[in-house]
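K.L.:
Sharing a sequence plus its predicted fold:
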Amino acid sequence: QRTIKADIQKLYISPKSVRLITERLPYPQSGILSHIQAMGPLQAEGTLSYHPELINGQINLHTELGALSLSGSLTHKNEIQAALYTPNFNLGKLTDKEKQWGEIALNISGKGTLHQKQPPSFSLQGNIEKMTYKRHEYRDIAVNAQYKSHKIEADIAVNDPYLILTAQGEADIQSSNPYLKGMISIRNFVPHALALTTQHKETTFQGNINADFSGNSIENMEGSIGIQDFRMKTEEENYTTGPILFEAADEQGKRTLTLHSDFIRGEMKGDFHLGTLITQCRKLLHIYIPSFVKEPQLKKEASDEVFLSMHIDNVEPIKKIFGIPLEIRKPSHINGYFNSRTQELDFHALFPSFNYAGQQLDNLRIMSGCFNDSLSGIVQFSKRIGKAPVDFKLQARAANDNVLTELKWTNHTENVYKGAISVDTRFMHDENRKLLTDIIFHPSLIIVNDSAWNVHSSEIHLAPGLASINKFTIEQDDRHLILDGRVSDSESDSLT
């Protein structure tokens, strides 16, 4: 049997021809066609050969984005071999993401078998000599992967001056219940040098990540993800944490999510979906203040029931790693229960010492719940103002489009500073479904340095483009502050 050969000495395909060819290919809306057109005019040379038992080819392709060398073969037993080499190719222009990607140089080869009624099986190995991502040129990335029966096994090694990474794992990506099992070791990771963050300049990270779970989202995940040997090193500090373990389990329709660490321990348990919890909470608010909170719509009607328990010893890793100026210096607790079907809510949080951005609050307590056909909430804390602590307590109760709010404060010194302000806020809609708000101040007393100030009864009406204040008055003997009038776009309205 003879072998048929063809030598391609010079084949030129203009951009117009590329467009005409790609428009006539199957699935013309496929995104890959725009990538082909992005390469501009194509010039090719190489060889092709055909034998009943073997098809062989080698093509050198020159484009505006760089040069590619492609080679491959296919036997009569459907065994394939292929290789791709480029010394320099503009991946950013190819994907139209030049702010993220730059040039790439790689040498990859693979082999496998095509099956008639089963997915193909193949192995892939090679080296990415350089790859520019966010203006950093990564060097020496080794790849070794196998694919068979919907399962992938892969080893990846990165040996960059600012990232030494080894990853090994296996995954089933096409199953109705996919799984992932693997390990990642990270050393000498400098994210600031890699332009991955503007924080942590001259900071080096290291750690190990182990994953063993099934599911394609947090909603149906079962298994665990763990972080061990975490280290964050700067010129001034060598900071470490103990193991961090996240676990997810599902038993007879009951979900359990747990977090174990030496600084935070938490658990969520029940029949719930994280993706709908916020929406269910908004639906609960709509029940009590329907004019102010529009009823959210769920794609699929469902109910959520969840128990929450969290113990916080400190949040030092959150402050150091993410730069959030939060400090919790004493053990704190969060507990809660929410049932969207029965409209039950019971939430309680206690922080004996809470500091955010330098603002220190002591004995911070947050409570919320549904009682007697109303939604209630309390926030109370002590804050040092000057040389003495001041106790604050904010209470709110919502029902029937009405929110009654009361703020109280008092100090503990000879010169008394205390007060109580009570406000009734009522929401409604006009005939055009525009939100209207009436704010009613009830008579209150404020004591400042042993001097009593009276807050008189008054009303504020808010409408789109209008604020009307009806004699808001604070007075003490012959001293007083009175606000009265209207604020709007009209020149005839004024506030005095």
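P.N.:
Yep, it's here.

K.L.:
Show me what the top helix by length along the chain is packed up against.
P.N.:
As assigned by DSSP state H, the longest helix anywhere in the chain is helix 274-288. With contacts defined as 3 or more Cβ pairs under 8 Å, 6 or more residues apart in numbering; DSSP states H and E, the packing partners of helix 274-288 are strand 332-339, strand 374-385, strand 388-399. No exception for glycine: its C-beta is placed from N, CA and C like everyone else's.

K.L.:
Show residues contacting that helix.
P.N.:
Applying Cβ atoms under 8 Å, 6 or more residues apart in numbering, the contact partners of helix 274-288 are 218-219, 292-296, 298, 302-304, 306, 338, 340, 343, 345, 370, 374-375, 398-401.

K.L.:
Please indicate which of the residues you listed are buried?
P.N.:
By neighbour count, with 16 or more other Cβ atoms under 10 Å, those hold 292-293, 304, 306, 338, 340, 345, 370, 374-375, 398-399, 401 as buried.

K.L.:
Show me which of the residues you listed is closest to Glu64.
P.N.:
The closest of the buried ones among the contacts of helix 274-288 to Glu64 turns out to be Asp304 (Cβ to Cβ; 53.6 Å).

K.L.:
Adjacent strands (with direction) for the helix or strand hosting Ile474?
P.N.:
In this assignment (DSSP states H and E), Ile474 forms part of strand 466-476. Applying DSSP bridges, strand 466-476 is found paired with strand 451-455 (antiparallel), strand 458-463 (antiparallel), strand 479-488 (antiparallel).

K.L.:
In TSV, list those along with distance to Arg135, mean pLDDT and mean neighbour count.
P.N.:
Output for the strands paired with strand 466-476, formatted as TSV (distance: least, Cβ to Cβ, whole Å; pLDDT from 0 to 100; neighbours: other Cβ atoms under 10 Å):
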stretch	distance to Arg135	mean pLDDT	mean neighbour count
strand 451-455	59	85	16
strand 458-463	49	91	16
strand 479-488	50	84	13
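
K.L.:
need the contact list for the spatially closest residue to Gly369 that is not a sequence neighbour.
P.N.:
Distances taken as Cβ to Cβ, 6 or more residues apart in numbering place Asp346 nearest to Gly369, at 4.8 Å, with adjacent residues excluded. Asp346 sits next to 336-338, 368-370 when contact means Cβ under 8 Å, 6+ apart.

K.L.:
try Trp101
P.N.:
Trp101 makes contact with 91-92, 95, 132-133, according to Cβ under 8 Å, 6+ apart.

K.L.:
ok so, going back, any chance of a markdown table for the contacts of Asp346, columns distance to Pro325?
P.N.:
Below are the contacts of Asp346 laid out as a markdown table (distance: Cβ to Cβ, whole Å):
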| residue | distance to Pro325 |
| --- | --- |
| Gly336 | 25 |
| Tyr337 | 31 |
| Phe338 | 29 |
| Ser368 | 25 |
| Gly369 | 30 |
| Cys370 | 34 |
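
K.L.:
Out of these, flag the one nearest to Leu407.
P.N.:
Set against Leu407, the nearest of the contacts of Asp346 by Cβ to Cβ is Ser368 (16.6 Å).

K.L.:
Tell me where the model's unsure across the chain.
P.N.:
Where the chain drops to pLDDT under 70, the residues are 1, 22-33.

K.L.:
what comes up buried for the helix or strand containing Met367?
P.N.:
In the assignment (DSSP H and E), Met367 maps to strand 359-371. Buried residues in strand 359-371, counted by 16+ other Cβ under 10 Å: 361-364, 366, 368-370.

K.L.:
so how far is it from its chain's centroid?
P.N.:
26 Å (Cα atoms, centre = their mean, to the nearest Å).

K.L.:
what's the answer for stretch 293-311, then?
P.N.:
On the basis of Cα atoms, centre = their mean, the separation between the geometric centre of stretch 293-311 and that of its chain is 19 Å.

K.L.:
next one: stretch 286-301
P.N.:
The chain centroid and the centroid of stretch 286-301 are separated by 24 Å under Cα atoms, centre = their mean.

K.L.:
Show the end-to-end separation of it, please.
P.N.:
Start-to-end span of stretch 286-301 (Cα to Cα, to the nearest Å) is 16 Å.
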